[in-house]
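# one predicted model, sequence on top.
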Amino acid sequence: MAILGNGKIKVLIVDDSTSMRLLVRSVLSADPSIEIAGMAADGVEAVEKALALKPDVITMDVEMPRMDGITAMRQIMAKLPGTRVLMLSSVTQEGAKTTFEALEAGAFDYIPKNTNSGFEAEIVAKVKESVRSRFGRATAQPQIRTVVPSATAALSKGKKINFVGIGASTGGPVALQEVLTKIPAGFPYGIFIAIHMPKAFTGTYAERINNKCAINVREAVDGEFLKPGTALIAPGGMHATLVRQGGNLAVKIHQAAEFPQHVFVPSVDIMMSSMAEASGGGMLGVILTGMGSDGFKGMQLLKQKGGTTIVQDEATSVIYGMPKACVDGHVADFVLPIGQIGVEISKFG
């Protein structure tokens, strides 16, 4: 992970709030593997200091005077393309909108400005993970590597797929968009998605993706059924389960406090496990890029029930944590580059 000659990660902190700059500096400088290269109060100063200091990671506020964070990020990455930028986002719908614009423009990830909910641990973890990641490297699509011959072969052996469950985390917003935009209108199965996001973000994210997809994409509502040709995204900040009602799967939304042992919210394990149980294994489980191992236990249960699984490959994952856990745990039927996953899902239709 070491980037500098002294083995430390060089970070530039950018925020127009003095208190936020000092907080971020205090949190990051407490970690011996991180060095604070400098601080900037607006986008113009951020560009100047980035070019002079050449940091490995920049924590970037969005709304700032003189030049906003997205504009500054674009200018920095045009001249220093290997720089990782972590956006600091307000936990509002407007904050969500600008966050997704930043991710599409090239930001590595985002961190909600919520100092009462694990903010300190999250910012340290993401700074460290950003320099381990494949982010910013060549992204040419590699040859597809499959663990079993093909999706068609799996179906020909009697696999019955009635639903699709997808889980993702770091790098997930862009990866999921890549997957869903490949799925055609009229896709015959319902899709349910759990992606680690705060409460204010998932509705905005669903609307943003829906405008780019042939299928319907929206935030899930408690009690509704999973329907063909529709992708439902679990509401942020809460957990979601699927339960069988007749021939349908119904969505159940739960407060995070109901599952205190699960750190990541919404939990992919909770979603995938409940969906595997409710479908009797008659589903396709998909795990995309993300930090940690959330989703592995759910995919493990799905395999035990006879379901089929796909995970994103290492070469195209921003963070190869969640997919790697599935590969190492021998619960991945297919290991595919992100550009191929939506295509393969479509073949199940």
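Here it is on my side, so go on. Numbering: from 1, shown residues only.
# hey, let's count contacts and neighbours off CA atoms from now on
Noted.
# any low-confidence regions in the stretch 1-150 of the chain?
Segments of the stretch 1-150 of the chain classed as low confidence (criterion: pLDDT under 70) are 1-6, 115-117, 134-150.
# show me the helices in it, by range?
Ranges of helices within the stretch 1-150 of the chain are 18-29, 43-53, 69-79, 93-105, 119-132, based on DSSP state H, counting those that start in this stretch.
# quick one: closest of these to residue 250.
Among the helices of the stretch 1-150 of the chain, the nearest to residue 250 by C-alpha to C-alpha is helix 93-105 (26.6 Å).
# for the closest one, give me every contacting residue.
Residues from elsewhere that reach helix 93-105 (C-alpha atoms under 8 Å, 6 or more residues apart in numbering): 62, 70, 74, 87, 89-90, 109-110, 173-174, 200-201, 204-205.
# widest-spaced pair of these?
It's 74 and 200 that sit farthest apart of the contacts of helix 93-105, by C-alpha to C-alpha, at 25.1 Å.
# hmm, back to that, any chance of a markdown table for the helices of the stretch 1-150 of the chain, columns mean neighbour count?
What follows is the helices of the stretch 1-150 of the chain, written out as a markdown table (neighbours: other C-alpha atoms under 10 Å):
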| stretch | mean neighbour count |
| --- | --- |
| helix 18-29 | 16 |
| helix 43-53 | 19 |
| helix 69-79 | 20 |
| helix 93-105 | 18 |
| helix 119-132 | 17 |
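# got those helices as JSON lines, with distance to residue 269 columns?
Below are these laid out as JSON lines (distance: least, C-alpha to C-alpha, whole Å):
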{"stretch": "helix 18-29", "distance to residue 269": "30"}
{"stretch": "helix 43-53", "distance to residue 269": "39"}
{"stretch": "helix 69-79", "distance to residue 269": "33"}
{"stretch": "helix 93-105", "distance to residue 269": "24"}
{"stretch": "helix 119-132", "distance to residue 269": "20"}
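# of the ones you listed, which approaches residue 209 most closely?
The closest approach between residue 209 and any of those, judged by C-alpha to C-alpha, belongs to helix 93-105 at 10.2 Å.
# before we move on, back to that, ok, which of the helices of the stretch 1-150 of the chain comes nearest residue 246?
Per C-alpha to C-alpha, nearest to residue 246 of the helices of the stretch 1-150 of the chain: helix 93-105, 36.0 Å.
# send the alpha carbons of whichever helix or strand residue 342 is part of over as PDB?
Mapping residue 342 onto the secondary structure by DSSP states H and E places it in helix 338-347. These are the backbone C-alpha positions of helix 338-347, laid out as PDB (Å, rounded to 0.1, in the frame of the first residue of the first chain):
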ATOM      1  CA  ILE A 338     -18.300  -5.600 -15.300                       C
ATOM      2  CA  GLY A 339     -19.000  -5.000 -19.000                       C
ATOM      3  CA  GLN A 340     -20.200  -8.500 -19.400                       C
ATOM      4  CA  ILE A 341     -22.300  -9.100 -16.300                       C
ATOM      5  CA  GLY A 342     -25.500  -7.300 -17.600                       C
ATOM      6  CA  VAL A 343     -25.200  -9.200 -20.900                       C
ATOM      7  CA  GLU A 344     -25.000 -12.500 -19.100                       C
ATOM      8  CA  ILE A 345     -27.900 -11.700 -16.800                       C
ATOM      9  CA  SER A 346     -30.000 -10.900 -19.900                       C
ATOM     10  CA  LYS A 347     -29.300 -14.400 -21.300                       C
END
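# give the rounded mean pLDDT of it.
Throughout helix 338-347, pLDDT has a mean value of 94.
# mind listing what's buried in that helix?
By 16 or more other C-alpha atoms under 10 Å, the buried positions in helix 338-347 come out as 338, 339, 340, 341, 342, 343, 344, 345, 346.
# in contact with the last one, which residues?
Which is residue 346. Taking C-alpha under 8 Å, 6+ apart, we find residue 346 in contact with 182, 183, 184, 187.
# show me where pLDDT drops low in the stretch 151-300 of the chain?
Across the stretch 151-300 of the chain, the ranges flagged by pLDDT under 70 are 151-159.
# all the strands of it, residue numbers only.
With DSSP state E, counting those that start in this stretch, the ranges of strands along the stretch 151-300 of the chain come out as 163-168, 190-195, 216-219, 230-233, 238-245, 248-255, 283-287.
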